[in-house]
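S.K.: give me coordinates for this.
(one chain, ligands or ions: 1)
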Amino acid sequence: MHPSTLRIMDELGLLDDFLLLPHSKIRPLAAEIDDRVLHLADFGRIPGRCNFVALMPQWDFLNFLAAKARRFPSLHVVMSCQATGLMEDPTTGDVIGLDATGSAGPFQIRADLVIGCDGRSSTIRACAGLAVETLGSPIDVLWFRLPRKDTDPTDILGHLGRGRMLVTIDRTDYWQCATVIAKGGIEKVRAAGIDAFRRSVAVSARFLSDRVDQLKSFDDIKLLSVMVDRLLNWSRPGVLCIGDAAHAMSPVGGVGINLAIQDAVATANILAAKLKSGTVRGIDLEAVQRRRLWPVRVIQRLQITIHNRVLGPVIGSAPPVLSVPLPLRVMDRYPALRRWPAQLLGVGVRSEHILSPCDNPDASPVSV
Ligand SMILES: Cc1cc2nc3c(=O)[nH]c(=O)nc-3n(C[C@H](O)[C@H](O)[C@H](O)COP(=O)(O)OP(=O)(O)OC[C@H]3O[C@@H](n4cnc5c(N)ncnc54)[C@H](O)[C@@H]3O)c2cc1C
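M.R.: Model prediction:
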């Protein structure tokens with residue numbers, strides 16, 4: 001959770017409760033290039049209370065939000081169900097609800113608006129027939145856990161070397177680790193064997209070398225496919241896509257969740273009153289895309305640049321000898337400058353704030 005999301009939680013009056021959930025914090029952020037540690041960003045320099053990145057498993061965050069949202073008596077949360085299709089008005093073709101399936105079998109939900117926030121492989125966007133522009137990605141990610149010790153270094157997130165890149169995310173009682181591999185390169189990694197994989201992890205982050213044998217086989221390592229894409233139109237009458245369903249994000253910068261939340265806030269700001277009065281039109285749905293397209297474009301452009309200029313070459317078949325680019329050396333040398341990368345990553349461009357009406361759920365229920 002970046003500062004932009006923490007601010008949203010604060011504006012909703014949820015921040016204090018949220019921070020009671022187990023989490024770790026990143027303020028200074030460093031990366032290791034070969035054996036040189038570079039200090040690249042400092043979230044602690046962002047003004048205000050929300051000047052850190054909170055790290056926690058996504059399910060804790062989602063369960064927290066669902067529990068808080070259930071205070072609204074008019075909200076009905078249905079878990080363990082899958083959206084399978086869209087219902088359309090046979091005359092106009094407008095979307096008027098969705099088909100779903102759960103433990104009790106298939107059912108339908110009629111709706112003034114269906115919001116597809118079902119991620120990168122969105123069923124809703126496919127069923128709506130919204131055209132996707134693929135922006136490509138030369139990388140995939142291998143995801144695994146290793147035990148954490150209190151003596152481990154905590155503020156070095158990235159470990160880069162010739163032909164290798166490892167990210168270590170502090171989950172307080174274990175390290176969530178991610179190695180970047182070339183797109184489709186999993187078979188090559190498997191063919192080299194688990195020992196070779198363990199060795200590459202130990203070389204990337206030496207402090208892990210005494211526990212890489214905890215990776216017993218490739219069953220302990222999960223392949224996460226990375227894609228970057230964007231819908232040409234995020235909506236058609238009756239249906240709107242937001243988050244990864246509208247624009248799949250790379251893990252670079254760890255910003256995708258935060259952007260998805262910013263989309264949701266913008267959607268509420270633009271549509272809440274119209275939904276309440278039953279006057280949502282296609283043009284209102286397009287306003288959400290107009291509002292959010294620019295920040296999405298900026299961050300995707302940045303991610304693609306980092307894919308193509310840094311990650312692709314570093315893990316490619318002929319990796320170059322790494323040199324530290326000038327901007328990173330400047331950042332490392334002058335601590336005051338480290339606010340700006342933190343600001344770009346943590347707050348982003350065009351940050352959203354809660355403007356939609358939200359009465360006290362205990363006093364006066366509203367539809368969410
Ligand atoms: C390897 C990897 C690591 C990443 N790490 C980070 C990170 O550290 N920080 C960060 O901010 N971003 C990260 N990202 C990006 C981030 O995961 C996404 O940008 C973000 O999760 C998008 O949020 P979302 O709510 O739009 O979609 P998702 O988080 O994908 O949520 C979609 C939800 O919809 C549900 N769903 C899917 N289909 C259906 C259906 N048919 N019916 C009902 N429900 C359905 C899914 O179960 C899921 O709960 C990472 C991406 C990758 C690939």
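S.K.: flag every residue of the stretch 101-250 of the chain that's near the ligand.
M.R.: For the stretch 101-250 of the chain, the contact set with the ligand under Cβ under 6 Å from any ligand atom comprises 117-119, 123, 141, 224, 226, 243-245, 249. C-betas here are computed from N, CA, C, even on glycine.
S.K.: show me where the protein has its helices.
M.R.: 3-11, 15-18, 58-69, 123-128, 186-192, 194-204, 256-277, 282-306, 312-315, 326-333, 339-346 (DSSP state H).
S.K.: tell me which of these sits nearest to Ser235.
M.R.: The closest of these to Ser235 is helix 282-306. By Cβ to Cβ, the value is 3.7 Å.
S.K.: for the ligand, see how far away the residue with the largest distance to the centre of the chain is.
M.R.: Each residue of the chain has a distance to the centre, and by Cα atoms, centre = their mean the biggest one is for Thr91: 38.3 Å. Computed as Cβ to the nearest ligand atom, to the nearest Å, the Thr91 to the ligand distance reads 26 Å.
S.K.: now do the same for that residue: its pLDDT.
M.R.: We have a pLDDT of 96 for Thr91.
S.K.: packing partners for the helix or strand of the chain with the lowest mean pLDDT?
M.R.: Sorted by mean pLDDT, DSSP states H and E, the helices and strands of the chain end with helix 312-315, the least confident at a mean of 82. Secondary-structure packing of helix 312-315 (3 or more Cβ pairs under 8 Å, 6 or more residues apart in numbering; DSSP states H and E): strand 164-170, strand 174-182.
S.K.: tell me how far the nearest residue to Asp173 once chain neighbours are set aside lies from the ligand.
M.R.: Excluding its sequence neighbours, the residue lying closest to Asp173 (Cβ to Cβ, 6 or more residues apart in numbering) is Arg148, at 6.2 Å. Arg148 sits at a distance of 17 Å from the ligand (criterion: Cβ to the nearest ligand atom).
S.K.: hang on, Ile221 packs against Leu142?
M.R.: Yes: with contact defined as Cβ atoms under 8 Å, Ile221 and Leu142 form a contacting pair (5.2 Å).
S.K.: and the pLDDT at the residue of the stretch 1-150 of the chain found nearest the ligand?
M.R.: The nearest approach of the stretch 1-150 of the chain to the ligand comes at Gly119, 2.7 Å away (Cβ to the nearest ligand atom). pLDDT, Gly119: 97.
S.K.: what's the local residue count around it?
M.R.: For Gly119, the neighbour count with other Cβ atoms under 10 Å is 15.
S.K.: run a quick neighbour tally on the closest residue to Val330 other than its chain neighbours.
M.R.: In this structure, Val330 finds its nearest non-sequential neighbour in Leu337, 6.5 Å apart by Cβ to Cβ, 6+ apart. By the measure other Cβ under 10 Å, the count of residues near Leu337 is 16.
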